[in-house]
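>>> What follows is a predicted structure for the sequence shown.
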Amino acid sequence: MARKRKATAPGVAAIQGNVASENICQKNTPFSISCQSPRAAAQRRQILEHLQHDTLTTLQARSMGIMHPGMRVCELRQQGHQITTEWANEYCTGGVRHRVARYRLEVAHD
């Protein structure tokens with residue numbers, strides 16, 4: 001018996017399928033509205049404060065209690081912050097290698 005596929009919003013299938021070609025940070029998508037929760041706002045502030053003096057990896061953000069740093073960075077980009085992503089391999093405390101994002105805040109030079 002074939003499984004029925006659940007209907008999803010545009011762009012969601014790309015996320016579930018781990019397809020990197022679709023940018024969910026683009027404007028006019030279901031994901032273009034920043035989360036308004038106080039906890040999300042606090043996490044965005046935490047990330048920005050850290051990025052003022054250093055880069056931030058996914059594992060570092062998770063150790064700070066930010067479980068989905070990619071979404072918070074996406075929201076910060078929508079607010080106009082210039083944050084770049086590079087990919088790196090890091091080992092967690094358990095010794096397992098992970099491919100993680102390393103975020104950097106680009107400073108505008110006048």
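Yep, it's here. Numbers count the residues shown, from 1 in each chain.
>>> Which parts of the protein are helices?
Secondary structure of the chain by DSSP state H: the helices cover 12-16, 38-51, 58-63, 69-78.
>>> could you dump the ones you listed to a markdown table with mean pLDDT and distance to E106?
Backbone N, C-alpha and C define where each C-beta goes, glycine included. Conversion of these to a markdown table gives the following (pLDDT from 0 to 100; distance: least, Cβ to Cβ, whole Å):
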| stretch | mean pLDDT | distance to E106 |
| --- | --- | --- |
| helix 12-16 | 33 | 25 |
| helix 38-51 | 96 | 10 |
| helix 58-63 | 94 | 18 |
| helix 69-78 | 96 | 11 |
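>>> between the ones you listed, which gets nearest to V107?
Nearest to V107 among the helices of the chain is helix 38-51; the distance by Cβ to Cβ comes to 9.9 Å.
>>> How about residues contacting the closest one?
Outside helix 38-51, the residues within contact range by Cβ atoms under 8 Å, 6 or more residues apart in numbering are 34, 56, 60-61, 64-66, 69, 72-73, 75-76, 79, 81, 83, 103-105.
>>> PyMOL command for the buried members of those?
Per 16 or more other Cβ atoms under 10 Å, the buried members of the contacts of helix 38-51 correspond to this PyMOL selection:
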select buried, resi 34+56+60+61+66+69+72+73+75+76+83+103+105
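>>> hang on, the earlier thing: highest mean neighbour count out of the helices of the chain?
Most buried of the helices of the chain, by mean neighbour count (mean count of other Cβ atoms under 10 Å): helix 69-78, with a mean of 20.
>>> Tell me which of the helices of the chain sits nearest to R99.
helix 58-63 (9.0 Å).
>>> separation between T58 and L51?
Using Cβ to Cβ, to the nearest Å, T58 is found at 13 Å from L51.
>>> give the contact list for M64.
By Cβ under 8 Å, 6+ apart, the contact set of M64 is Q46, H50.
>>> Any idea how many residues pack against V96?
8 (other Cβ atoms under 10 Å).
>>> wait, what's in contact with it?
Listed by Cβ under 8 Å, 6+ apart, the contact set of V96 is empty.
>>> How much space separates it from L105?
With Cβ to Cβ as the criterion, V96 and L105 are 28 Å apart.
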